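>>> Got a sequence here, can you model it:
(one chain, ligands or ions: 2)
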Amino acid sequence: MSDRILLSVVIPVFNEEENLDELIRRCLLACDQTRCRFEIVLVNDGSSDGSAEKIDAAAKNNPGKVVGVFLNRNYGQHAAVIAGFEQSKGDVVITLDADLQNPPEEIPRLVDAMDKGYDVVGTVRLQRQDTLFRRVASAIINKAVQKSTGVMMHDYGCMLRAYRRHIVEAILMCREHSTFIPILANSFARATTEIDVGHEARKQGQSKYSLMKLVMLHFDLLTSMTTFPLRLLSILGGIVSSAGIGFGLFLLLMRIYYGAEWAAQGVFTLFAILFIFVGAQFIAMGLLGEYIGRIYHDVRARPRYFVQRVSGDSNINSETDTKGQK
Ligand code: UDP
Ligand code: MG
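Ligands and ions are numbered 1, 2, ... in the order given. Take a look at the predicted model:
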């Protein structure tokens, strides 16, 4: 492993007072093992317990190794990680959770995998220590993400990941507010891989995600990935309208064969007409959705591409300059 590579470890911290000492101790050990030059960036996401003081003390006791970033209030895990990215200087940036669910001892293995030249190294949690509800929700989401992004990663929920500098820069260029970092990173990555990692139950404290926060996170994930749900409206409308038309034709035929009594004096005909109009409304909403989807894409203003490097230099500019002077 090269010791010239600079490694940054970015950790979002929200009310993790009880975990911080052990976290920092184990992270320092793990980073030492990599024999890289490293920094640990702890981002205090507006904690209301003693986390801020602990981070301050750690930064003071480990100069050049631990950096604290303090947000003025709670902005959420992904915003905190982005703040850490902004501060980080490493060629390789690793993110992990502060609650010790992701063992810091996996850091050297992530660095090893990065050494093989990947842009992103994801992880798969073996024997995941979370509630059944969380695991089932994750399984559904992972399948959906695989389908819509085409990137076959098995565990998007695990934040123990490594990113190369240019991927981090690309993420920083996305100014959108709702982000889900693993998916955003993969949308810029060329070569990705996954390794298996251990997973532990939360050491101290409770999950910082209430049910509502979890639902909101999944909306972020969905909208950061695709505008397909908006298109779903048109598809639904199309189906309802066609069903209405089919039903109408069916009623007409039955009416011709069996006479007026069969059709219950036109009640069902009304239904058929209603279906057609309801469907038409959905199609119209879907059409609005198409515009909104495009507005959303443009407002987000994600970079269309990202230049990793330019080689060689032309002297066209300097020549025109000198011509201009003549
Ligand atoms: N976190 C954060 N801001 C928040 C919520 C969570 O910085 O608003 C951090 C938290 O301190 C932890 C990580 O994000 O380091 C993951 O949170 P948690 O363990 O509560 O999530 P879970 O494991 O339940 O998905
Ligand atoms: Mg956790």
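
>>> How about whichever residue of the stretch 201-326 of the chain sits closest to ligand 2, nearest residue that isn't a chain neighbour?
Residue nearest to ligand 2 within the stretch 201-326 of the chain: Arg202 (5.3 Å; C-beta to the ion). For the C-beta atoms, the positions are set from N, CA and C on the backbone; glycine is no exception. Of all residues not flanking Arg202 in the chain, Asp99 sits nearest, at 4.8 Å (C-beta to C-beta, 6 or more residues apart in numbering).

>>> Please report how far the one you found lies from Ile295.
Going from Asp99 to Ile295 by C-beta to C-beta, to the nearest Å gives 38 Å.

>>> got it, and Ala170?
From Ala170 to Ile295 the distance is 23 Å (C-beta to C-beta).

>>> try Gln129
42 Å.

>>> Equivalent analysis for Val93, please.
From Val93 across to Ile295, the span is 32 Å (C-beta to C-beta).

>>> and these two? which has more neighbours close in?
The residue with more neighbours, out of Val93 and Ile295, is Val93; 27 against 11, by other C-beta atoms under 10 Å.

>>> Mind giving me the packing neighbours of the host helix or strand of the more buried one?
Taking DSSP states H and E as the definition, Val93 sits inside strand 92-95. Counting contacts by 3 or more C-beta pairs under 8 Å, 6 or more residues apart in numbering; DSSP states H and E, strand 92-95 is packed against strand 6-13, helix 77-87, helix 107-115, strand 161-164, helix 165-172.

>>> And these: which comes nearest ligand 2?
Closest among these, once you apply C-beta to the ion, is helix 77-87, at 9.5 Å.

>>> Could you list the buried residues of that closest one?
Neighbour-count burial for helix 77-87 flags 77-85, 87 (criterion: 16 or more other C-beta atoms under 10 Å).

>>> tell me the contacts of Arg165?
Residues in contact with Arg165 (C-beta atoms under 8 Å, 6 or more residues apart in numbering) are 90-93.

>>> try it again with 6 Å
Arg165 makes contact with Asp91 under the criterion C-beta atoms under 6 Å, 6 or more residues apart in numbering.

>>> Tell me the confidence at the nearest residue to Val93 once chain neighbours are set aside?
With sequence-adjacent residues excluded and distances taken as C-beta to C-beta, 6+ apart, Val93 is closest to Ser8, at 4.6 Å. Here the pLDDT value assigned to Ser8 is 96.

>>> For Ser8, the count of nearby residues, please.
25.

>>> That one bridge partners, please.
In this entry, Ser8 is beta-bridged to Glu39, Val93, by DSSP bridges.

>>> shouldn't it be in contact with Phe85?
No: using C-beta atoms under 6 Å, Ser8 makes no contact with Phe85, being 8.4 Å away.

>>> I'd like to know how far Arg37 sits from ligand 1.
24 Å (C-beta to the nearest ligand atom, to the nearest Å).

>>> ok, that residue - contacts?
The contact partners of Arg37, by C-beta under 6 Å, 6+ apart, come to Leu6.

>>> Look up phi and psi at it.
phi -80, psi 140 (degrees, to the nearest 10).

>>> Let me know the secondary structure of Thr193.
strand (DSSP: H, G, I helix; E, B strand; the rest coil).

>>> Now do it against Leu126, distance only.
16 Å.

>>> Mind checking which of those two has more residues around it?
Neighbour count, other C-beta under 10 Å: between Thr193 and Leu126, Thr193 has more, with 16 against 10.

>>> Bridge partners for that one, pull those for me.
Beta bridges link Thr193 to Val121, judged by DSSP bridges.

>>> In this model Tyr118 seems to touch it, though I could be wrong.
Yes: counting by C-beta under 6 Å, Tyr118 is a contact partner of Thr193 at 5.0 Å.

>>> Which secondary structure state is assigned to the residue in the stretch 51-200 of the chain positioned nearest to ligand 1?
Of all residues in the stretch 51-200 of the chain, Ala98 sits closest to ligand 1, at 3.3 Å by C-beta to the nearest ligand atom. Per three-state DSSP, the secondary structure class of Ala98 is coil.

>>> Just the helices from this structure, written as ranges.
All helices of the chain, identified by DSSP state H, fall at 17-34, 51-61, 77-87, 107-115, 132-149, 165-172, 181-188, 211-225, 228-258, 267-300, 316-325.

>>> Ligand 1 contacts on the stretch 201-326 of the chain?
Within the stretch 201-326 of the chain, the residues that sit near ligand 1 (C-beta under 6 Å from any ligand atom) are 207-209.

>>> Output the residues you listed in CSV; the columns should cover distance to ligand 2 and neighbour count.
Converted to CSV, these look like this (distance: C-beta to the ion, whole Å; neighbours: other C-beta atoms under 10 Å):
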residue, distance to ligand 2, neighbour count
Ser207, 6, 13
Lys208, 8, 20
Tyr209, 8, 14
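
>>> Brilliant, that's me finished.
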